[in-house]
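*Asks:* Sequence first, then the predicted structure, then my questions.
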Amino acid sequence: MIRKFLRRVFSKSAPSHAPALIPVERHHVRRESISPAARNTVSRLQEHGHKAYVVGGAVRDVLAGIEPKDFDVATDATPEQVRGIFRRSRIIGRRFRIVHVMSGGETIEVSTFRAGNDVESEKDEHGRVLRDNVFGNLEEDAARRDFTINALYYNPTDETITDYHHGFADLKQKTLRMIGDPRRRYREDPVRMLRAVRMAAKLGLAIDPAARAPIREMADLLENVPAARLFDEMLKLLLSGHAVECLRQLREEGLHHGLLPLLDVIMEQPMGERFVWLSLASTDARVRDGKPASPGFLFATLLWHEVLADWEQRKQRGESSMPALHAAMDEVLDIQAEKLVITRRIAADIKEIWTLQPRFENRAGRRPLRLIEQPRFKAGLDFLLLRAESGEAPQELADWWLAFLGADTGQRLAMLSPEKKPARRRRRRKPGGEAVDAAGVKETE
């Protein structure tokens, strides 16, 4: 503890690295580009004598011409001080406490400047930081961020950007560059390798050679990342609107083996690969158009062909069709659970989509009428349409269901095939007059 205290004291007295202060005439980001809630949060903190900035992804995205999903604020105020300024706020987190400030219908995440990770930080045997809860100053906060383009601090009051690591120039030059030594930063947090791929794809950046070179050889570090965190990062990647490019980049960097254990197998199947890419392209289009995208639907497409293969093997071994399908689904999802903690709700959505597929093949009687009442029918139909587009399912089947869905009640009834009645057993009589079936079993009259 004494060594850590002395290190902190002397590091504060060390000469600081002067940041670039970029005026609005160069970066062209006006305060109106920042949400009113974020502007108000920064203003209130500054009025109480604190430093405060809009930081990270919001600044990066505005500079890149992308509308930010949310706005984060960094300040030198402690969580307790922030809580005292904003009545509608709450402190959350254990590893590092942050404050959620509610303003209207928006929530602004406010974090206190953090110090960098040093030799005293709690780490595992691979170098991954386990505890990171030391407050710091603005320069230290910038140094501990992962990429230069994420270490930009925008002040809505005077419309300047504070830039310690040339992130503004890197963004203009379409380069993704790591702050500090890439190998050490990847050991601190292996998820940074995935973030590099996601950000490069989203922003159209080239990963700096120094940051790209270690990725393939250090990919095994992802084995040590908690499965829940890995799943969250995969969701961000797949729902980024650039999933096609992300997945291609993951495969190029050799990272997909540590994410979806079955992804490489899927992509080696010609039909499965087409199905996956069609699904990713469809999801990207929805995200870019501002439409909702379902994580359950996306994971269902990624894993479907493994389910198909397992299902077919079980049927060949003599298992009944539907029990075999349910067993195959459980097997595939259990394998994924070793790497990704797919939430129960999403797993339930995945299973419902899969179990609907064989039911689409039965168009007799009133079964189709009951099927369209299922809560996940629309998702299941979209899945069927994707299967037909990839060549796996008959296009005629997909067209029939589209027509059936768009028809009125009378038209639907006319489209239904007759229900096949079970074959009646022939009856014959024994010489004594008793009725028996074809097998000679006595029947009760």
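*Replies:* Yep, it's here. What you see is a predicted model, and the numbers here were worked out from it, not measured in a lab.
*Asks:* use CA for all of it now, contacts and neighbours both
*Replies:* Noted.
*Asks:* got the residue ranges for the strands in the stretch 301-445 of the chain?
*Replies:* 427-429, 435-437 (DSSP state E, counting those that start in this stretch).
*Asks:* looking at the ones you listed, which has the lowest confidence?
*Replies:* With a mean of 49, strand 435-437 has the lowest mean pLDDT of these.
*Asks:* start to end distance for stretch 86-105?
*Replies:* 15 Å (Cα to Cα, to the nearest Å).
*Asks:* With stretch 335-348 instead?
*Replies:* 16 Å.
*Asks:* what's the neighbour count on the closest residue to Asp310 other than its chain neighbours?
*Replies:* Using Cα to Cα, 6 or more residues apart in numbering and skipping residues adjacent in sequence, the residue nearest Asp310 is Ala328, 5.4 Å away. For Ala328, the neighbour count with other Cα atoms under 10 Å is 21.
*Asks:* Just confirm Ala328 contacts His305, I think it does.
*Replies:* No. Ala328 is not in contact with His305 according to Cα atoms under 8 Å; the separation is 10.8 Å.
*Asks:* Could you write out the alpha-carbon coordinates of the host helix or strand of Tyr186 in CSV?
*Replies:* Secondary-structure assignment from DSSP states H and E places Tyr186 in helix 182-188. Once non-C-alpha atoms are left out, helix 182-188 reads as follows in CSV (Å, rounded to 0.1, in the frame of the first residue of the first chain):
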residue,chain,number,x,y,z
PRO,A,182,-0.8,-3.7,-27.9
ARG,A,183,0.4,-6.9,-26.4
ARG,A,184,0.2,-5.6,-22.9
ARG,A,185,-3.2,-4.0,-23.6
TYR,A,186,-4.6,-7.2,-25.0
ARG,A,187,-3.4,-9.1,-22.0
GLU,A,188,-5.1,-6.6,-19.7
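*Asks:* Quick check: buried residues in it?
*Replies:* Buried residues in helix 182-188, counted by 16 or more other Cα atoms under 10 Å: Pro182, Arg183, Arg185, Tyr186, Arg187, Glu188.
*Asks:* Out of those residues, which comes closest to Leu238?
*Replies:* Leu238 lies nearest to Tyr186 out of those, by Cα to Cα, at 21.2 Å.
*Asks:* Find me the pLDDT at that closest one, would you?
*Replies:* 95.
*Asks:* So for it, what's the nearest residue that isn't a sequence neighbour?
*Replies:* Arg192 (6.0 Å).
*Asks:* Ok, Glu140 next?
*Replies:* In space, and not counting its chain neighbours, Glu140 is closest to Ala115: 5.0 Å by Cα to Cα, 6+ apart.
*Asks:* give me every residue that touches the residue nearest to Tyr186.
*Replies:* Going by Cα atoms under 8 Å, 6 or more residues apart in numbering, Arg192 touches Asp146, Arg185, Tyr186.
*Asks:* next one: Leu138
*Replies:* Leu138 neighbours (Cα under 8 Å, 6+ apart): Asp76, Phe113, Arg114.
*Asks:* buried set for stretch 400-416?
*Replies:* Applying 16+ other Cα under 10 Å to stretch 400-416 flags Trp401, Phe404, Leu405, Arg412, Met415, Leu416 as buried.
*Asks:* now do stretch 44-64
*Replies:* 44-46, 50-63.
*Asks:* contact partners of it?
*Replies:* Residues outside stretch 44-64 that contact it (Cα under 8 Å, 6+ apart): 27, 29, 33, 38, 42-43, 67-77, 82, 85, 149-156, 171, 203.
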